[in-house]
Structure formats: C-alpha cells, structure tokens
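Trainee: Pasted the sequence and its predicted model underneath.
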Amino acid sequence: MKNQKKSMSQVSLSKGKFLPQEEKLEVGGKEKKLIIGVPRDKTLYENRVALAPHAVELLVNNGNKVIVESKAGEGAHFDDVIYSEAGAVIVDNFAEVFMSDVVVKVAPFTDDEIKLMHRNQIIISSLNAANEDKNYITKLISKKTTAIAFEYIKDTDNNSYPIVCSMSEISGTTSILIAAEYLSNVNNGKGEMLGGIAGVSPSDVVIIGAGTAGEFAAKTALALGATVKVFDTSISSLRKLQNNLGSRVFTSILQPKVLLKAMKTADVAIGALYSITGEKKFIVTEDIIKEMKRGSVIVDISIDHGGCFETSRVTNHKNSIFTKYGVVHYCVPNIPSRVARTASYALSNIFGSILMSISEAGGIKQVVKNNLGLRNGVYVFNGILTKQEMGDKFNLPSRDIDLLLAAF
C-alpha cells in the first residue's frame, strides 16, 4: 500500500509543459478541497463503513470536509461522537450526504441513493458486477457521474487488487475461527478444539483454493496446530502459497480421487477458490460431501461467487448454518462484515489514500490519468460507460477510457 499511496498522490508537474493550456492550468493548479459524503449503509447485514474515524481525521486535517450520516459507523462500533471528534459533520438526512463532491460507501448504491446523485459527482463503492443489472448501470450513466468500483482498483506494481486482497485476508483468517466455533460444544458441535495439543491428534483442515483467502486460512490453521492440505487448479498458485507460508504443507492439483481421500478425514473444509468475475471455478460434488465425517465443518468463503461445494446454499449472518449429511455448512456471503471494525479500518486505509490523491491533484481527471490502477476501477466516466465487457453484457455503448481522457 505504501507504493500505491505514493503513486496516487505524486503527480509530476513537469509533464505539464507538453499538455494543452487547459491541462497546464489543471496540473499546475492548487489543491481542490473536497466535500466527501459517507452515507449509512442500509444493505442487510452490511456492517462495514467506508471511512473509519482515523481516515476522516486525516482528510479533515488536510482541509477537506467530511459529512457522515448519523449511525453510519454503528455496525463497526464507531459512534457519532467519535466521528464528530475526528472533525466530521454529522447529519440525520442522508440527502445532505449526496450533495457532496464524492460519496463513498461499501455496498452498491440503492435506487433512492442514485436519485440524489448529481452531475460530475464521484461515487465509490463495490459493484458486484455479477449481480448488477442493466438498469443500475444506465441510471448511473444518466446522472453523468464518475463511478469507481473498488474491487477493480489495481496495484499495478504487483498486479493485484488491494481491496479484494485485504478482504480476502480477513475472510481466510476468519473462516478458520468460524470453523473452530462450530467444532466446539458452544454451538452444538462435536466438542473438538481446532488445532492440536500434545498427545492428541491435530485437526485436519482441507483448503480448496491457494489464493489470498486460502493462504491466510492456511496460516491461521497452521498457527493453531492443525494439519493442512491445500488444493487448487494452478501449480503456480500452490507453489506461491508454499513459498509465502515458509513451510511445506500438503498441496495438490484438484484430482477427484486425491480430494476424496482428503475430504474423508477432514474436520474442516474451506472453500476459497475465488474469481473476480464471479465465474464458478470448481464444485466439490455432493457424493464427496456424503463421505465426510459427521460433525465436520464446511466454510464456503466463495459462496459470494457461486460456492465451491455442491451442497452449499446461501445463508446469512443471523441464520448462519445448516447441516446436510451430518456436515455443518457455513455459507454466509460477505464474511468481512462479521468483523466489521477490522474490515472498515482496512478499507479506510485505501480509500483515505485515494481521496487524498484526488484532493491533492485538483480533481479526478489528473489522478485517473496518472494512476493506471485507479483508472482500472473506473467503469463510468462523466456519464460514459468505460468497461467494454459491461457494454457487451448489457448491450450498451462503451468507450475506451484512455481515449476519453485524451479528449477531455
């Protein structure tokens, strides 16, 4: 993140001598102080908030104004007093939040929120492209906004997606803690401690997926003393995971017979194959689930994207589990919302940097021009769709953002 913050906030003024006069003025101009709005996220079970108080304080101390809707941080246990002490203006009417230059939230915007948007406004949220429809995109286009999907914001130095990685770290670590809960007597589990102690066989954890979530699930399970087996479709991903763990764990390509053998002895199975496009990578069949030990626990992190297990079905934070073939299934989308305070801090570290860079550069255009990673997150620019894949999906006209930036 340190490298990302640097690239987002440092705009080379020397480039101005080769730009048209209008752009020279913009590049060489003073900082633009922003009015930033943080609405209360009313999406069911969404407890995260886009800006934690420490990020608000940073922005306010640099001359920006932050308007926070009352109780916006309630789910993450940040009360209005804490935000007020950080310098935020607290409002009861969420319409006031949408008078801001920039509005930032976690879940996609609702119809009521879109109605309040105005021309040239910058909006930042998740998009959940696999679940959005044409109507959502056309409404944003009609408002002439610039819309940024935070899951597409890229770190070009290491070809990763910082927010996706951050949330995946949380999901992977938390998945093991969740599994430990449902193995214990507290939740009517079979009364086992996840991990291992002297003289007692360690728990057997199978992780499907060697990405960020799988890696952090493996780290947490190993730290508790469990034995870990990791499966993936990619040899390079498995090799990278082993190098990052610093220890030799059992790894295998997803071969049905090898997977079946591992699942038969598993106390915990974590589904962590992730695709940013929502493509379903692999399904552990129902026949394999039937062979698992009774009282074992499945945590399907990938349920947001279709799930890894054939027996998975979406649950929620209130009714988290169901049992099938004697196996406890935890299939709650948005696991980071379970630890909303930690997740909100993680989001804020990135959003705060982005908003500071927009302020320092005098507007969104120069930041997007100079930062390829942030540019990758833009899907509507001044009311023009810039993602060809969305245009193809919804039969909407789109334009290349590089050409648009050259024209504006």
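Mentor: Now that the structure is in, tell me what you want to look at.

Trainee: how far out from the middle of the chain is stretch 299-307?
Mentor: Relative to its parent chain, stretch 299-307 has a centroid offset of 14 Å by Cα atoms, centre = their mean, to the nearest Å.

Trainee: What of stretch 319-333?
Mentor: 23 Å.

Trainee: again with stretch 364-376
Mentor: For stretch 364-376, the distance to the chain centre is 20 Å (Cα atoms, centre = their mean).

Trainee: quick one: buried residues of it?
Mentor: By neighbour count, with 16 or more other Cβ atoms under 10 Å as the criterion, the buried positions of stretch 364-376 are 364-371, 373-376. Bear in mind the C-beta positions are built from the backbone N, C-alpha and C, glycine included.

Trainee: I'd like these as CSV, with distance to Asn319 and secondary structure appended.
Mentor: Listed next are these as CSV, based on distance: Cβ to Cβ, whole Å; DSSP: H, G, I helix; E, B strand; the rest coil:
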residue, distance to Asn319, secondary structure
Ile364, 41, helix
Lys365, 46, helix
Gln366, 48, helix
Val367, 43, helix
Val368, 42, helix
Lys369, 47, helix
Asn370, 47, helix
Asn371, 42, coil
Gly373, 38, helix
Leu374, 38, helix
Arg375, 41, helix
Asn376, 37, coil
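
Trainee: mind putting these in a markdown table, distance to Ile67 and pLDDT included?
Mentor: What follows is the buried residues of stretch 364-376, written out as a markdown table (distance: Cβ to Cβ, whole Å; pLDDT from 0 to 100):
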| residue | distance to Ile67 | pLDDT |
| --- | --- | --- |
| Ile364 | 19 | 91 |
| Lys365 | 23 | 89 |
| Gln366 | 24 | 88 |
| Val367 | 21 | 92 |
| Val368 | 24 | 92 |
| Lys369 | 28 | 90 |
| Asn370 | 28 | 89 |
| Asn371 | 25 | 90 |
| Gly373 | 27 | 93 |
| Leu374 | 23 | 95 |
| Arg375 | 27 | 95 |
| Asn376 | 28 | 94 |
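
Trainee: between those residues, which is nearest Ile298?
Mentor: Closest approach between the buried residues of stretch 364-376 and Ile298, by Cβ to Cβ: Asn376, at 33.6 Å.

Trainee: wait, isn't that closest one in contact with Tyr152?
Mentor: Yes: if you go by Cβ atoms under 8 Å, Asn376 and Tyr152 touch, sitting 5.5 Å apart.

Trainee: The stretch 51-200 of the chain: strands as residue ranges?
Mentor: 65-69, 89-91, 102-104, 122-125, 146-149 (DSSP state E, counting those that start in this stretch).

Trainee: how is the chain carved up into domains?
Mentor: 2-152+340-407, 165-333 (automatic domain parsing).

Trainee: Just give me the neighbour total for Ser348.
Mentor: Counted by other Cβ atoms under 10 Å, the residues lying close to Ser348 total 23.

Trainee: so what's it up against?
Mentor: By Cβ atoms under 8 Å, 6 or more residues apart in numbering, the contact set of Ser348 is 50-52, 54-55.

Trainee: shouldn't Thr233 be in contact with Ile253?
Mentor: Yes: counting by Cβ under 8 Å, Ile253 is a contact partner of Thr233 at 6.8 Å.

Trainee: Let me have the strands of the stretch 51-200 of the chain in TSV, adding distance to Glu46 and mean neighbour count as columns.
Mentor: Converted to TSV, the strands of the stretch 51-200 of the chain look like this (distance: least, Cβ to Cβ, whole Å; neighbours: other Cβ atoms under 10 Å):
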stretch	distance to Glu46	mean neighbour count
strand 65-69	14	23
strand 89-91	20	16
strand 102-104	14	25
strand 122-125	11	22
strand 146-149	16	24
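
Trainee: can you put those strands in a markdown table and add mean pLDDT and distance to Ile335?
Mentor: Formatted as a markdown table, those follow (pLDDT from 0 to 100; distance: least, Cβ to Cβ, whole Å):
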| stretch | mean pLDDT | distance to Ile335 |
| --- | --- | --- |
| strand 65-69 | 98 | 25 |
| strand 89-91 | 98 | 29 |
| strand 102-104 | 98 | 22 |
| strand 122-125 | 97 | 19 |
| strand 146-149 | 96 | 20 |
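
Trainee: got those strands as CSV, with distance to Val258 columns?
Mentor: Output for the strands of the stretch 51-200 of the chain, formatted as CSV (distance: least, Cβ to Cβ, whole Å):
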stretch, distance to Val258
strand 65-69, 51
strand 89-91, 56
strand 102-104, 45
strand 122-125, 41
strand 146-149, 37
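
Trainee: out of the ones you listed, nearest to Ile208?
Mentor: Closest to Ile208 of the strands of the stretch 51-200 of the chain is strand 146-149 (Cβ to Cβ; 26.5 Å).

Trainee: now for the closest one, which elements pack on it?
Mentor: If contacts are counted by 3 or more Cβ pairs under 8 Å, 6 or more residues apart in numbering; DSSP states H and E, strand 146-149 sits against strand 122-125, strand 378-381.

Trainee: who touches it?
Mentor: Outside strand 146-149, the residues touching it (Cβ under 8 Å, 6+ apart) are 120-127, 129, 140, 364, 374, 377-382.

Trainee: where does it sit relative to the chain's centre, distance-wise?
Mentor: Its chain's C-alpha centre lies 15 Å from the corresponding centre of strand 146-149 when counted by Cα atoms, centre = their mean.
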